[in-house]
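K.L.:
Next input, structure requested:
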Amino acid sequence: EKTSASEETTRIQTAAKHAKTWLSMEEHTSSSNDEMQVDAATDMGSASMPNTSGVFNYAMWLVGKLSSQQRDKLQIGFHFMDLCAGLGTTLLAHEALKSAMRHYGLRTDGACTGLTELAEGKREALRRRCARLKINTPIFKSNASLTLQTPEDAEGNLVDVPLADLLFMGIVCVDISRCSSTPKSLTDPDGASGKSWNDLLAYLDRLPLDQRPKAIILECVDNLGNNRAVQGHTEKGTLIVIEALRERGYVGQWTRALASRFAVPQSRPRVWALFLKVQGGVGPKAIAGRERHIQQAFDVIRQGETLGFEPLQRILARCPNSTPAQRAERQSLPRGDGWHKEQHPNFRAKHGLSEDDITMGQHDFLKATNGIILPREQAAVWLTLCVQRKKGRIPNWKEDLLVSDCGSSVGWLSISSGKFPCLRPGNKYLVLQHGVAKIAHGPLCLAVQGIGPEEQHALDLHLEEDSLLRQLAGNAFCANICVAFLIAAILVA
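P.N.:
Below is the predicted model:
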């Protein structure tokens with residue numbers, strides 16, 4: 001029956017019901033004045049915060065802030081697609097929305113009609129998510145599959161051209177990121193970013209206007225919104241997108257969204273956009289009407305911004321300890337006397353690090369991290385900590401909760417207090433919790449994307465290999481931002 005709850009539904013409801021609440025008010029020590037780690041006092045959270053940063057509870061909190069008329073409108077039926085899907089965060093966001101609606105005695109009737117993912121291992125993981133949720137949707141090898149006369153899914157089956165009301169896509173960032181050594185234009189078909197973007201446009205071009213998605217939601221690294229010098233010219237990717245979609249009947253707007261403004265303790269600046277298809281002609285009146293809808297949608301998204309984020313120590317307490325695979329990886333690392341102090345003389349000279357600056361506390365750090373990270377990683381992290389101590393930002397690493405990126409060379413490495421630096425696919429992150437060191441495993445990386453232990457168990461993500469989870473976490477949408485855009489798009493599409 002339509003009102004009966006499936007096994008998956010019951011499991012998600014139970015997960016959300018038993019999520020732990022935050023206990024006390026604590027002030028965040030970040031250098032940003034407008035970000036705080038804040039606790040909520042009740043099972044439903046407070047007006048400014050949900051009770052945990054997991055997307056199930058976040059969605060319940062946000063839906064509760066809507067008017068009854070808006071909640072009723074969320075019951076409309078819709079189809080959605082997710083291109084360059086990676087983890088498939090949209091699937092999780094949809095489940096979170098369904099769970100939140102049930103809490104208010106309502107239901108939302110959405111269905112996924114197509115997913116694309118280039119990496120085979122991630123496609124297999126998507127299949128497992130779909131099987132867990134009993135979703136029968138085609139998964140394609142790439143966006144290019146959607147442009148074929150008769151699309152072929154990743155298993156070689158010929159399928160109809162998938163259609164959707166809402167289309168999500170994370171613009172591939174490999175050629176756009178500041179970390180790229182070979183930046184390329186968003187329009188360059190020879191680049192990974194340009195290829196996936198051009199294939200999206202080709203998919204839209206093959207559809208008559210009335211069959212194109214009503215709303216398109218895009219996400220990318222914030223460098224897309226900067227003026228970039230690439231291949232002999234300067235471009236701003238967000239403007240390229242606006243113009244390309246305007247030519248195809250859409251109006252829209254970009255915004256810069258921080259994960260830490262949506263309850264999760266992570267520094268993750270991203271640009272997000274919502275584009276709406278112009279209806280009733282393409283004249284000034286029709287365009288102005290859709291622009292008003294865009295503003296209404298962003299009003300909803302702003303309602304989803306939180307006073308602060310869940311304290312990282314709460315998430316550490318909720319996440320399980322290291323996995324057997326992680327412990328085996330730690331045991332396989334070389335052990336010894338650590339790094340040689342002669343390393344990185346240019347970095348030391350640039351920051352005025354004396355011999356006393358480096359040796360003070362070095363023995364305790366090497367002892368705490370020996371066998372956990374490699375000697376070259378110890379050198380990069382410790383020298384960065386010495387610089388932060390010299391500047392007065394981190395006086396004593398043993399009295400703080402710090403997270404350090406271990407995948408970057410000295411000078412490029414990020415260390416954050418009380419939250420994660422921006423997650424990158426496959427990178428290793430060192431957690432220093434009051435002098436105790438450990439590597440952040442996959443489930444913890446997912447948790448700071450809004451996909452906590454409750455959500456992981458509901459979708460069997462905890463059964464995946466740790467290395468895959470870290471890859472997926474670095475590529476994923478922040479789940480809370482994703483569900484905020486999903487709700488806003490449904491309301492105005």
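
K.L.:
okay, the longest helix that the chain contains in CSV with CA atoms only?
P.N.:
The residue-count maximum for a helix in the chain (DSSP state H) belongs to helix 284-303. Backbone C-alpha positions of helix 284-303 (Å, rounded to 0.1, in the frame of the first residue of the first chain) are rendered in CSV as follows:
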residue,chain,number,x,y,z
PRO,A,284,10.8,39.9,-20.4
LYS,A,285,7.7,39.1,-18.4
ALA,A,286,8.4,35.3,-18.4
ILE,A,287,12.1,35.8,-17.6
ALA,A,288,11.3,38.2,-14.7
GLY,A,289,8.8,35.6,-13.3
ARG,A,290,11.5,32.9,-13.2
GLU,A,291,14.0,35.3,-11.7
ARG,A,292,11.5,35.9,-8.9
HIS,A,293,11.3,32.2,-8.4
ILE,A,294,15.1,32.0,-8.2
GLN,A,295,15.1,34.5,-5.4
GLN,A,296,12.3,32.6,-3.6
ALA,A,297,14.5,29.5,-3.9
PHE,A,298,17.5,31.2,-2.4
ASP,A,299,15.4,32.5,0.4
VAL,A,300,14.7,28.8,1.3
ILE,A,301,18.4,27.9,1.0
ARG,A,302,19.3,30.8,3.3
GLN,A,303,16.8,29.4,5.8
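
K.L.:
got the buried residues for that helix?
P.N.:
Neighbour counts over helix 284-303 (16 or more other CB atoms under 10 Å) mark 290, 293-294, 297-298, 300-301 as buried. Backbone N, C-alpha and C define where each C-beta goes, glycine included.

K.L.:
packing partners for it?
P.N.:
Judged by 3 or more CB pairs under 8 Å, 6 or more residues apart in numbering; DSSP states H and E, helix 284-303 is in contact with strand 250-258, strand 269-277, helix 479-492.

K.L.:
between the first one and helix 284-303, how many degrees?
P.N.:
Orientation check (axes from the mean of the first three to the mean of the last three CA atoms, to 10 degrees): strand 250-258 against helix 284-303 gives 20 degrees.

K.L.:
Show me which residues of strand 250-258 are buried.
P.N.:
Neighbour counts over strand 250-258 (16+ other CB under 10 Å) mark 250-254, 257-258 as buried.

K.L.:
Contacts made by that strand with the rest, please.
P.N.:
With CB atoms under 8 Å, 6 or more residues apart in numbering as the contact definition, strand 250-258 has outside contacts at 35, 216, 222, 225, 238, 241-242, 245, 267-278, 287, 290-291, 294, 298, 301, 478, 481.

K.L.:
how about 7 Å then?
P.N.:
With contact meaning CB atoms under 7 Å, 6 or more residues apart in numbering, strand 250-258 is reached by 216, 222, 225, 238, 242, 245, 268-278, 287, 290-291, 294, 298, 481.

K.L.:
out of these, which are buried?
P.N.:
Counted by 16+ other CB under 10 Å, the contacts of strand 250-258 give 216, 222, 225, 238, 242, 245, 268, 270-278, 290, 294, 298, 481 as buried.

K.L.:
which parts of stretch 378-388 are buried?
P.N.:
Those would be 378-388, for stretch 378-388 by 16+ other CB under 10 Å.

K.L.:
Which ones among the residues you listed map onto helices?
P.N.:
Short answer: the buried residues of stretch 378-388 in helices (DSSP H) are 378-388.

K.L.:
With distance to Ile451 added, can I get these in TSV?
P.N.:
Supplementary listing: those in TSV, determined by distance: CB to CB, whole Å:
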residue	distance to Ile451
Gln378	30
Ala379	33
Ala380	28
Val381	26
Trp382	31
Leu383	33
Thr384	28
Leu385	29
Cys386	34
Val387	33
Gln388	29
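
K.L.:
Go through the residues you listed and name the one nearest Leu201.
P.N.:
Nearest to Leu201 among those, counting by CB to CB, is Ala380 at 41.0 Å.
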